[in-house]
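Engineer: Quick one: sequence and predicted model below, then my questions.
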Amino acid sequence: MSSRSQILLPVRTSTIIGSFVLALFLNFLPWRDMRLVPDFVALVITFWCVRQPRLVGLGVAWMVGLLTDAGNGVLLGQHALAYSVLAFLSVWLSRRILWFGPMLQSLHIALILLAAEAAVLVVRLAAGDAFPGWPLFVRPLLGALLWPAVTWLLLLPQRRQASEQTI
Amino acid sequence: MDHTPPPFFKRGPAPLVRLFFFASLSLALLIFDARFRYVDGLRSWLALAAYPLQRAATWPIDLAMGVGGYFSTQASLVEENRMLRERALANAQDAQRFQAAQAEANELRRSIGAAEQLPVPASTAEVLYLGRDPYAHKLLINRGSVQGVKAGSPVVDDVGVIGQVTRVHPLVSEVNLLTNPDQAVPVQVVRNGLRAVAFGARGLPGMLELRYVGANAEIQNGDRLVTSGIDGTYPAGLAVATVVKVETDAEQAFARVLCRPTAGVDRGRYVLVLTNEANMPPRPDESEKKERRAEKRRGKGKDKAADEQ
């Protein structure tokens, strides 16, 4: 695994904030059917909770969830709850996940994202909404498929240049 | 001597405790929002914070449309111009007839002593995007409380009703589309004046259904439905939908009537927000309820007085 074979630079706060802004921007794009677009914010939260559980945890996830709720005009707190569950599972499993290769990591991420989606589903069903159909669960699976790409992209700023690696 | 770990091992509360804390905070917010609507102030502030990103996210689409428009050929513009002129001519005829008919209707209304129907003021708004909630059909428009939009105003496009403003933020508003299963519009069949209530069809996205229509009601395919205006929210006579399927089942008391919305509920870029300021008298059941409550209180007072004696 490339990320373990080389020593990474310490992460900058600006990278984390920038990734969250980019993810929110991607989520706010006018997509046609949201059920078939991965939740980029959830992916970024999972990534930082797995990689930097000391810096990004439940508090950050909860705040970002509130922002998502207000921006999307849904019940205030549904994404906050879902992202808290997501962050908890990610922080809890972070040591375990990093042992595996990209494919097996994706499997873990799929389960975590499914749990978050299920949290939203339970909240909305309790609030009296109808079940929007099984395509709902395509979203977390697509997100899990994107995991290797997200890992590669978000670790870019922490990688050393090839010239720096030789002493 | 106590054996607490040195301070540099302290990591704050355990993750499970944190999860419990944030989950209860979210649940409290959810309950306050869904049941009591106490947190609308907080929501407005958060929405304001998210607005720059939302606005920025519509920018790629604007750019694509701008580039597309730049390269649209002169021929297509000429063609469009010709079509628009034809339509304007046809509309002008209708408009003249409408004015005459309205004058006549006003005359008649005055003669029978009914309130004169006032023209409904409207303001244009641009659709920012469709709502991103798969559980509800919504769209966001670029007018908010700063521009004077009020919650409850009906929203229409050039052919018919789209929905109703349900939540107003400072700079944007949320419009609940007709196709929501919980969104009700009182309608009337143009052909015979039959009144009904249209809801979003359950399980059929993009369609409407009439609920509580008797199995023997006189309704058929192709019937046009317009707003009846009896709820005081939608002005009367706006096109809503066309009936496409009527199913009657001998075992059911109600017919199943499916309709297709007239307006482009999921198309179009510009909409009109109507300002509904109809002076409706208070609903009789409410005033009755109040009276009954007052009576009850009086009754209780009497009981107390009797007890005391």
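Structural biologist: That came through fine.
Engineer: And the pLDDT at the closest residue to chain A within the stretch 101-250 of chain B?
Structural biologist: Closest residue of the stretch 101-250 of chain B to chain A, Cβ to the nearest Cβ: residue B:129 (3.5 Å). C-beta coordinates here come from the backbone N, C-alpha and C atoms, glycine included. The model reports residue B:129 with a pLDDT of 74.
Engineer: do the same with residue A:102
Structural biologist: The model's pLDDT for residue A:102 equals 88.
Engineer: any idea how far it is from chain B?
Structural biologist: Per Cβ to the nearest Cβ, to the nearest Å, residue A:102 is found 25 Å from chain B.
Engineer: Isn't that residue up against residue A:152?
Structural biologist: No: with contact defined as Cβ atoms under 8 Å, residue A:102 does not count as touching residue A:152 (9.0 Å).
Engineer: Could you pull up phi and psi at the residue of the stretch 101-250 of chain B closest to chain A?
Structural biologist: Here is the backbone geometry of residue B:129 (degrees, to the nearest 10): phi -170, psi 170.
Engineer: How about the contacts made by residue A:147?
Structural biologist: A:43, A:102, A:105-106, A:109 (Cβ atoms under 8 Å, 6 or more residues apart in numbering or on different chains).
Engineer: Of those, keep whichever come out buried.
Structural biologist: A:43, A:105-106, A:109 (16 or more other Cβ atoms under 10 Å in any protein chain shown).
Engineer: Just the element for residue A:129, please.
Structural biologist: Per DSSP states H and E: residue A:129 is located in neither a helix nor a strand.
Engineer: I'd guessed it sits against residue B:137; true?
Structural biologist: No: if you go by Cβ under 8 Å, residue A:129 and residue B:137 don't touch, sitting 11.2 Å apart.
Engineer: which residues of chain A score low on pLDDT?
Structural biologist: Along chain A, the model assigns pLDDT under 70 to residues A:1-6, A:161-167.
Engineer: Also the stretch 51-200 of chain B?
Structural biologist: Ranges of the stretch 51-200 of chain B meeting pLDDT under 70: B:113-119.
Engineer: What segments of it are helices?
Structural biologist: Assigned by DSSP state H, counting those that start in this stretch, the helices in the stretch 51-200 of chain B fall at B:59-70, B:74-112.
Engineer: would you turn the ones you listed into TSV with mean neighbour count?
Structural biologist: Below are the helices of the stretch 51-200 of chain B laid out as TSV (neighbours: other Cβ atoms under 10 Å in any protein chain shown):
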stretch	mean neighbour count
helix B:59-70	10
helix B:74-112	10
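Engineer: Minimum distance to chain A: which of those has it?
Structural biologist: helix B:59-70 (5.9 Å).
Engineer: Say whether chain A is contacted by the closest one.
Structural biologist: Yes: using Cβ under 8 Å from any Cβ of the partner chain, we find that helix B:59-70 touches chain A at B:60-61.
Engineer: Tell me how far that helix lies from the chain's centre.
Structural biologist: 29 Å (Cα atoms, centre = their mean, to the nearest Å).
Engineer: got it, and stretch A:117-128?
Structural biologist: 19 Å.
Engineer: So what touches that stretch?
Structural biologist: For stretch A:117-128, the external contacting residues (Cβ under 8 Å, 6+ apart) are A:75, A:77-79, A:81-82, A:85, A:131, A:136-137, A:139-140, B:30, B:34, B:135, B:182.
Engineer: In it, which residues are buried?
Structural biologist: A:117, A:119-121, A:123-124, A:127.
Engineer: Narrow the buried ones among the contacts of residue A:147 to those in helices?
Structural biologist: A:43, A:105-106, A:109 (DSSP state H).
Engineer: what residue lies at the spatial centre of the chain?
Structural biologist: Picking chain A for this. residue A:43 (1.9 Å; Cα atoms, centre = their mean).
Engineer: wait, I meant chain B there
Structural biologist: residue B:164 (1.9 Å).
Engineer: list the contacts for it?
Structural biologist: So residue B:164 contacts B:152-155, B:175-176, B:183, B:233 (Cβ under 8 Å, 6+ apart).
Engineer: Pairing partners for it in the sheet, please.
Structural biologist: For residue B:164, the beta-bridge partners are residue B:154, residue B:176 (DSSP bridges).
Engineer: All the strands of the stretch 201-309 of chain B, residue numbers only.
Structural biologist: B:208-214, B:224-227, B:239-247, B:254-261, B:270-274 (DSSP state E, counting those that start in this stretch).
Engineer: Check which strands are paired with the fourth one and give the direction for each one.
Structural biologist: Applying DSSP bridges to the sheet, strand B:254-261 is found paired with strand B:208-214 (antiparallel), strand B:239-247 (antiparallel).
Engineer: what's the answer for the second one, then?
Structural biologist: Here the strand partners of strand B:224-227, with direction, are listed using DSSP bridges: strand B:185-189 (antiparallel), strand B:239-247 (antiparallel).
Engineer: So which of these is the most surrounded?
Structural biologist: strand B:185-189 (a mean of 22; mean count of other Cβ atoms under 10 Å in any protein chain shown).
Engineer: Check the burial of residue B:144 by counting its neighbours.
Structural biologist: When neighbours are defined as other Cβ atoms under 10 Å in any protein chain shown, residue B:144 has 23 of them.
Engineer: any weak-confidence spans in the stretch 201-309 of chain B?
Structural biologist: Residues of the stretch 201-309 of chain B that meet the criterion pLDDT under 70 lie in B:265-268, B:276-309.
Engineer: Next to chain A in this structure, residues from the stretch 151-300 of chain B, please.
Structural biologist: B:167, B:174, B:181-182, B:202-203.
Engineer: quick one: which of the residues you listed is nearest residue A:8?
Structural biologist: Checking those against residue A:8 by Cβ to Cβ gives residue B:174 as the nearest, at 42.7 Å.
Engineer: these two touch, right, that closest one and residue B:138?
Structural biologist: Yes: Residue B:174 lies in contact with residue B:138 (Cβ under 8 Å); the separation is 5.4 Å.
Engineer: any residues in contact with both of the two?
Structural biologist: By Cβ under 8 Å, 6+ apart, the residues touching both residue B:174 and residue B:138 are A:73, B:131, B:166.
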